[in-house]
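Q: below: sequence and its predicted model.
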Amino acid sequence: MSRIAFIGLGNMGLPMATNLAKAGHNVTVFDTVAAAMDKAASDGMKTAQSASAAVSEANIIMTMLPNGPIILKVLEEVIPAAKAGAVIIDSSTIDVASARKAHEMAKSADLQLLDAPVSGGIGGAAAGTLTFMVGGSTDAFERAQPVLEIMGGKIVHCGEGGAGQAAKICNNMLLGISMIGACEAFALAEKLGLSAEAAFDVISTSSGSCWSVNTYCPVPGVGPKTPADNDYKPGFAADLMHKDLGLAQQAASESGQATPMGAHALALYDTFLKEGGSGRDFSAMIEYLKTAAR
Ligand code: NAD
């Protein structure tokens, strides 16, 4: 069994750490919010007074934090305190440039690091069925794999450092674009007098079919149960989609790639958040589009 340090016990981190502890690993946790630490302690995990104290005995160091600047700041503290041979696994969704910087910081201290963002949300974190998209060396990947398999249903080694974050933002940029497309199609269908049921039956079995229609339809009452059937409670919050679309634009700008639809999707989610979309599922975009000026 491994000694695992887990830093960042939010909506995702706490259930992930809990699954590691349930699997019998020795888990020591740290978060800046006392309530998160209390919850972890009541679930039988050891709590540390600082990130550096949490990692001092660990073979595996997991981080699940809000953004790139926070990750880099935490790594500045964690890397000098880590044991030789420890593997750092950052599962936060952060910008590709910060992920690459994190790899450099670990390498210059002779430590291995993996960028390993996830998809699957809070439900996947609790059920241990997350998809991990992993960037880093094959050796580090193989050492981390048994631990990732406790928290995940699918683990994909995407390539060298930064490749996990790259895979995540490319997927989520496409998801944001396709969800807006699905919302537009169903909003227009309604204006044209077509029932949602008929629109779903045709599109989900035709060339317009996609995950945003078939699995996560933004209209209530048709297809599988989705956040649309639960008053658009997330699910996957519009705020997180906005974050990921922003990271995609940052990467597109840094790499010089044109992504006009991705840029437009970011602008639309930006407006949607300001018009009351914050805290709602990202598929609630359909409600905004129905009221937006043509
Ligand atoms: P969250 O805001 O609920 O949790 C982040 C945690 O980090 C908080 O408990 C916060 O107190 C802690 N934290 C912040 N700064 C810290 C520091 N310096 N030291 C220690 N702890 C610190 O966020 P979340 O929903 O758990 O998401 C975590 C990451 O996973 C994000 O990067 C997010 O984009 C990504 N993600 C989230 C989801 C989701 O559905 N929530 C899905 C996929 C990926």
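A: Structure received.
Q: residues touching whatever residue of the chain ends up closest to the ligand, list them.
A: Taking C-beta to the nearest ligand atom, the ligand has its nearest neighbour within the chain at residue 10, 1.7 Å off. Where C-beta positions appear, they are placed from N, C-alpha and C, glycine not excepted. Shown in contact with residue 10 (C-beta atoms under 8 Å, 6 or more residues apart in numbering): 31, 36, 64, 66.
Q: which residue, other than its chain neighbours, is closest to the second one?
A: Read it as residue 36. residue 9 (3.9 Å; C-beta to C-beta, 6 or more residues apart in numbering).
Q: around that neighbour, how many other residues sit close by?
A: Residues lying near residue 9 (other C-beta atoms under 10 Å) number 26.
Q: in this structure it contacts residue 37, no?
A: Yes. With contact defined as C-beta atoms under 8 Å, residue 9 reaches residue 37; the gap is 6.9 Å.
Q: find residues that contact each of those two.
A: What both residue 9 and residue 37 touch, as defined by C-beta under 8 Å, 6+ apart, is the set 29, 30, 31.
Q: restrict these to those near the ligand?
A: 30, 31 (C-beta under 6 Å from any ligand atom).
Q: does residue 280 touch residue 230 like I think?
A: No. Contact between residue 280 and residue 230 fails when scored by C-beta under 8 Å: they sit 10.8 Å apart.
Q: follow-up on the earlier one: SS state for the residue of the chain closest to the ligand?
A: Of the three states, residue 10 takes coil under DSSP: H, G, I helix; E, B strand; the rest coil.
Q: pLDDT score for it?
A: At residue 10, the model reports a pLDDT of 95.
Q: dump the residue contacts of the closest residue to residue 163 other than its chain neighbours.
A: Excluding the flanking residues, the one nearest residue 163 by C-beta to C-beta, 6+ apart is residue 135, at 3.5 Å. Counting by C-beta under 8 Å, 6+ apart, residue 135 makes contact with 99, 103, 114-116, 158-167.
Q: which strand residues bridge residue 135?
A: residue 115, residue 159 (DSSP bridges).
Q: distance of residue 110 from residue 131?
A: Distance of residue 110 to residue 131, computed by C-beta to C-beta, to the nearest Å: 30 Å.
Q: and the two? Which one has more around it.
A: The residue with more neighbours, out of residue 110 and residue 131 and counting by other C-beta under 10 Å, is residue 131; that gives 17 against 10.
Q: tell me the contacts of that one?
A: Taking C-beta under 8 Å, 6+ apart, we find residue 131 in contact with 118, 119, 120, 124, 152, 153, 154, 155, 156.
Q: mind running it again at 10 Å?
A: The contact partners of residue 131, taken as C-beta atoms under 10 Å, 6 or more residues apart in numbering, are 117-120, 124, 152-156, 167-168, 171.
Q: may I see the PyMOL selection of the buried members of those?
A: Buried residues among the contacts of residue 131 (16 or more other C-beta atoms under 10 Å), as a PyMOL selection:
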select buried, resi 117+118+119+120+124+152+155+167+168+171
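Q: kindly report the residues of the stretch 1-150 of the chain close to the ligand.
A: 7-13, 30-33, 36, 51, 64-66, 70, 74, 92-93, 118-119, 121-122.
Q: check the stretch 151-294 of the chain too.
A: Residues of the stretch 151-294 of the chain lying near the ligand (C-beta under 6 Å from any ligand atom): 236, 240, 243.
Q: give me the subset of those lying in strands.
A: Per DSSP state E, strands hold no members of those.
Q: which is the next helix or strand following the longest helix belonging to the chain?
A: When the chain is parsed with DSSP state H, its longest helix is helix 163-191. Counting by DSSP states H and E, the next helix or strand C-terminal to helix 163-191 is helix 196-203.
Q: can you lay out the contacts of residue 131 as JSON lines showing pLDDT and secondary structure?
A: Shown next, in JSON lines, are the contacts of residue 131 (pLDDT from 0 to 100; DSSP: H, G, I helix; E, B strand; the rest coil):
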{"residue": "117", "pLDDT": "98", "secondary structure": "coil"}
{"residue": "118", "pLDDT": "97", "secondary structure": "strand"}
{"residue": "119", "pLDDT": "93", "secondary structure": "strand"}
{"residue": "120", "pLDDT": "90", "secondary structure": "coil"}
{"residue": "124", "pLDDT": "94", "secondary structure": "helix"}
{"residue": "152", "pLDDT": "98", "secondary structure": "strand"}
{"residue": "153", "pLDDT": "98", "secondary structure": "strand"}
{"residue": "154", "pLDDT": "98", "secondary structure": "strand"}
{"residue": "155", "pLDDT": "98", "secondary structure": "strand"}
{"residue": "156", "pLDDT": "98", "secondary structure": "strand"}
{"residue": "167", "pLDDT": "98", "secondary structure": "helix"}
{"residue": "168", "pLDDT": "97", "secondary structure": "helix"}
{"residue": "171", "pLDDT": "96", "secondary structure": "helix"}
